[in-house]
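K.L.:
Test case, fold it:
(chains A and B)
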Amino acid sequence: SQKIEQNSEALNIQEGKTATLTCNYTNYSPAYLQWYRQDPGRGPVFLLLIRENEKEKRKERLKVTFDTTLKQSLFHITASQPADSATYLCAPQGGSQGNLIFGKGTKLSVKP
Amino acid sequence: ETGVTQTPRHLVMGMTNKKSLKCEQHLGHNAMYWYKQSAKKPLELMFVYSLEERVENNSVPSRFSPECPNSSHLFLHLHTLQPEDSALYLCASSQRLCQRGGLCEQYFGPGTRLTVT
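P.N.:
Predicted structure coming up:
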């Protein structure tokens, strides 16, 4: 069955450092992969989408890579700030019905 | 604000009650979704609607009954729920249906925190 794994449940880093979150998927080949941010008690917010033929996508301090050979996406936040603290969800698109399949998320904490 | 609203934000109900969750999107999108989010589990897709037509029902128990009267509104009717149904219920919309391929970034509402006692 299709499976999504986000490397760790929680990641703690110091302000100003680069946060790197990992998303691995198995048993399917998504055409697109999306990343979302979710704050406690709120719905996820769309951040970035990357296509299978794109190696890298950037938006301000965010960078996403997509390696279809490794079946992996990396999500980077450079110059991290305490306001970046949240749970980040990976969602490859293209399951059996073409829907998004969400990972459990990685809770990022950026300490001042 | 994402342009997707949900009411109520919090709901406590007994197992014999009947209640409804409401979702409204102000984005002119064509697809709407219901998700369930339980602690320590990923978002689970429950129902998908495209232009008021249900296109997917992900093996959801019949005690959950969706309704989509028009492309802007989505309801989830609840009856005889179980305590394990306690969760955050999220509504989302997208311009295109994910199943049709292409870009389908989703816009989520704030969710309804449901507690079944």
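
K.L.:
Extract the C-alpha set from the helix or strand of chain A with the lowest mean pLDDT and format it as PDB.
P.N.:
When the helices and strands of chain A are scored by mean pLDDT, DSSP states H and E, strand A:3-6 comes last with a mean of 88. Provided in PDB are the C-alpha atoms of strand A:3-6 (Å, rounded to 0.1, in the frame of the first residue of the first chain):
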ATOM      1  CA  LYS A   3       3.000   4.900   2.400                       C
ATOM      2  CA  ILE A   4       4.300   8.300   3.500                       C
ATOM      3  CA  GLU A   5       7.000   8.800   6.100                       C
ATOM      4  CA  GLN A   6       8.200  12.100   7.500                       C
END
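
K.L.:
Return the list of strands paired to it, each annotated with direction.
P.N.:
strand A:19-26 (antiparallel) (DSSP bridges).

K.L.:
so A:N7 sits right up against A:T106, yeah?
P.N.:
Yes: A:N7 is within contact range of A:T106, at 6.7 Å (criterion: C-beta atoms under 8 Å). C-betas here are computed from N, CA, C, even on glycine.

K.L.:
quick one: which of these two has more around it?
P.N.:
The neighbour comparison of A:N7 against A:T106 (other C-beta atoms under 10 Å in any protein chain shown) goes to A:T106, with 21 against 15.

K.L.:
Find the residue closest to residue 26 in space, skipping its chain neighbours.
P.N.:
You didn't pick a chain, so chain A it is. Excluding the flanking residues, the one nearest A:T26 by C-beta to C-beta, 6 or more residues apart in numbering or on different chains is A:K3, at 4.7 Å.

K.L.:
should've been chain B
P.N.:
B:G3 (4.7 Å).

K.L.:
Just say helix, strand or coil for the closest residue to chain B within chain A.
P.N.:
Proximity of chain A to chain B (C-beta to the nearest C-beta) peaks at A:G43, 3.2 Å away. Recorded secondary structure, A:G43: coil (DSSP: H, G, I helix; E, B strand; the rest coil).

K.L.:
ok, now which ones touch it?
P.N.:
Residues in contact with A:G43, defined by C-beta atoms under 8 Å, 6 or more residues apart in numbering or on different chains, are B:T2, B:V4, B:L90, B:A92, B:F108, B:G109, B:P110, B:G111.

K.L.:
Also B:T7?
P.N.:
Contacts of B:T7 (C-beta under 8 Å, 6+ apart): B:L21, B:K22, B:T112.
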